[in-house]
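**Q** Here is a sequence together with a model predicted from it:
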Amino acid sequence: MINYSIIIPHKNTPNYLLRCLDSIPLRDDVQVIVVDDNSNPEKVDFGHFPQWKGKHYEYYLTKEGRGAGFARNIGLEHAVGKWLLFADADDFMLPVINNIFDEYVDSDADIIFFRPKAVMAEDVSKPSNRTDYLNAIVDDYVKNGNAVRYLYNWLCPWSKIIRHELVRGVKFEEIRYSNDNVYSVTALCHAQTVSVCDTTFYVATRSNDSLTSKYMSREGEMECRIGAYFRAFSIVKSQGKDCSCMVEPIKYYTQMMHYRNWQLYIEGLRLCNSVGIGTWQMLREKYGYARRFDRWKGYVNTYLHIMMQK
């Protein structure tokens, strides 16, 4: 019986992928699915790739080149495990994952979150701050009485175990950036019970060439990421969940879109209005327009009042 399915999208990093695979224990109850997203044959020797080590390792080669979201969806089509895990090809797991597989196989939780750590991809002895915000989310969750609202900002799919039945039919967005936002919040919205564990099994890496190392710097990236976050926020709110911890990012991203992308800016204002944050408040916080408007409105009202007394 397959208890765990691990889905790994890959593109052009065969050495890192093999490091990731080497970190996963060989077990009969673990299915490992690698989906290659149209890697460059000059960078990857497909004739000797990858070096499979067990009967439950599966490899799918795609030619569409549609990104990690598409690759993860291909993996989901082949996943048969009771639980789902996701890993990026340049990340890896710690040996404690073997104990976690044994301990949580019969867990009552729908999603189990684990504290991640981060290192530099090229030299794993050097720490990275890439996962600091995730550990801050865990801290806030614990300090506030296991408040699930904080977990809605845990938008990456890794360093957690998800009950497969919970997300059957749920897909990743097939977009260039932040393809995991909608998937992650949808899974959490569906969950009846969540658990957060202090154990660390997942190590995320930061590379000079990765999508996350040049965050928001590529053409169209900002709009793509912000649009994905807006959609994730809309899902959480439409499900009647506590979205209060997502409000500040919504305000911030909306301000970023002012004079840059009017469609996203208007959508951001709509979302802000839906949680009681008015358009004038947004303008006041960013530019002080509303303060100036209120001052001049006061002058006009005073003038009209005086004129009416004559």
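**A** Noted; the coordinates are in hand.
**Q** need the helices for the stretch 51-200 of the chain, in chain order.
**A** Ranges of helices within the stretch 51-200 of the chain are 68-78, 97-104, 132-143, 181-190, based on DSSP state H, counting those that start in this stretch.
**Q** And those: which comes nearest L166?
**A** helix 181-190 (5.2 Å; Cβ to Cβ). No exception for glycine: its C-beta is placed from N, CA and C like everyone else's.
**Q** What helices and strands are in contact with the closest one?
**A** Contacts defined by 3 or more Cβ pairs under 8 Å, 6 or more residues apart in numbering; DSSP states H and E place helix 181-190 against helix 221-238.
**Q** Can you mark which positions in the helix it packs on are buried?
**A** Within helix 221-238, the residues that count as buried by 16 or more other Cβ atoms under 10 Å are 221-237.
**Q** Low-confidence stretches in the stretch 151-300 of the chain?
**A** Low-confidence segments of the stretch 151-300 of the chain (pLDDT under 70): 209-217, 286-300.
**Q** For the closest residue in space to D29 that isn't next to it in sequence, grab the count of nearby residues.
**A** Excluding its sequence neighbours, the residue lying closest to D29 (Cβ to Cβ, 6 or more residues apart in numbering) is N3, at 4.2 Å. By the criterion of other Cβ atoms under 10 Å, N3 has 19 neighbours.
**Q** picking up where we left off before, select, out of the helices of the stretch 51-200 of the chain, the one closest to T205.
**A** Shortest distance between T205 and the helices of the stretch 51-200 of the chain, using Cβ to Cβ, is found for helix 132-143: 14.1 Å.
**Q** Alpha carbons only: can I get the closest one in CSV?
**A** Extracted in CSV, the C-alpha atoms of helix 132-143 (Å, rounded to 0.1, in the frame of the first residue of the first chain):
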residue,chain,number,x,y,z
ASP,A,132,12.0,32.8,8.1
TYR,A,133,8.5,34.1,7.3
LEU,A,134,7.1,30.5,7.5
ASN,A,135,8.6,30.0,10.9
ALA,A,136,7.1,33.4,11.9
ILE,A,137,3.7,32.1,10.8
VAL,A,138,4.2,29.0,13.0
ASP,A,139,5.1,31.3,15.9
ASP,A,140,2.0,33.5,15.4
TYR,A,141,-0.1,30.4,15.1
VAL,A,142,1.1,29.0,18.5
LYS,A,143,1.1,32.3,20.3
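**Q** Sweet, I'm off.
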